[in-house]
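Visitor: Test case, fold it:
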Amino acid sequence: MAYKFGDNPACIRRSRLITKLLIDEAQKVTASSPQVLVEDVDYAHQLLGWWMFVNRQADLLMRAYDSEFTVEAAGQMRSLIEHAHFMEWMAEHKTEGVWALEAAEYDRRKKLIENLERINWEIPDDIQVGEKPTFDFADQAAEQRHAKLLGQATNMSVLVEVRGLRNLYPVYRYLSSYSHASLQTGEAFVERERGEKRALYATGKVTVGANRVWIPVCLYLAGKAVSPFLVGDPMKRHLEKAATDVGFGALLSERMPVPV
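Guide: Got it, this is the predicted structure:
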């Protein structure tokens, strides 16, 4: 049975069941020591690691929501969305995606060490920036493509724009406001317009129904990214069931990624 996807009671209930199904099936696959083809090892292993992270995040989110830690979970929801879409991105760009991440990691590590040196921290010998990575580009077009992918790997707004997901970025930005010291994190627990008698809330004034329906979507994107690289495509049947039962298959098919 297919439900209308959205913030409605039937979809929310079904999302909870499908989330558990996908997490349980992912655990079975990871416990079976899944194999990847030799030619896919570089990016497939990165996808496997991210997949493990995504499934654990989804499990953590469900537990948090069930315990009414809604505001506190917003940062995790933001991270779940980001990782799921980066997995899809990596599955498409493969080795070129790994190269972009390696370049981004070098820049991040270099800046971190520079910051440590600026405040005169003693840096352990085993923490080094290392050599700047170099890549065997086939031609100038490949080098230009690398520059574009590096921009996507380091900027979520660019990533969602080129993947036909422009409407996702405001959601990401909204969740980001709960990841930092912002007015929203305080206002979630208090009414400020009550003079000296400000009303405190034991739990945040945030509903999680809409958030719950997006968890299986993220699990679906992550699973669809990694499963084809595993021998036997073990998650295919469960992912198709998720898309049908929660009703988001048509929504995802409408996206139009921009070629790099």
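
Visitor: Quick check, pLDDT for Glu131.
Guide: The model reports Glu131 with a pLDDT of 89.

Visitor: low pLDDT regions in the protein?
Guide: Regions of the chain meeting the criterion pLDDT under 70 cover residues 1-3, 193-198, 202-209, 253-254, 256-258.

Visitor: residue boundaries of the helices in it?
Guide: Listed in chain order, the helices of the chain (DSSP state H) span 9-31, 41-66, 74-118, 140-153, 156-162, 168-176, 183-187, 209-226, 236-246, 249-253.

Visitor: Now do the longest one: distance to the chain's middle.
Guide: This means helix 74-118. Distance of helix 74-118 from its chain centroid, counting by CA atoms, centre = their mean, to the nearest Å, is 11 Å.

Visitor: same check, this time on stretch 173-186
Guide: 18 Å.

Visitor: Other residues contacting that stretch?
Guide: With contact meaning CB atoms under 8 Å, 6 or more residues apart in numbering, stretch 173-186 is reached by Val71, Ala74, Gly75, Met77, Arg78, Ile81, Ala188. The C-beta positions use only the backbone N, C-alpha and C, and glycine is treated the same way.

Visitor: could I get these as CSV with distance to Glu131 and neighbour count?
Guide: Shown next, in CSV, are the contacts of stretch 173-186 (distance: CB to CB, whole Å; neighbours: other CB atoms under 10 Å):
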residue, distance to Glu131, neighbour count
Val71, 43, 21
Ala74, 39, 25
Gly75, 34, 16
Met77, 37, 26
Arg78, 33, 20
Ile81, 33, 24
Ala188, 46, 18
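
Visitor: residues of stretch 168-184 that come out buried?
Guide: Counting neighbours by 16 or more other CB atoms under 10 Å, one finds that the buried residues in stretch 168-184 are Leu168, Val171, Tyr172, Leu175, Tyr178, Gln184.

Visitor: who touches the first one in this structure?
Guide: Residues near Leu168 by CB under 8 Å, 6+ apart: Ile81, His85, Val160.

Visitor: Closest to Ala210 out of those residues?
Guide: Ile81 (12.6 Å; CB to CB).
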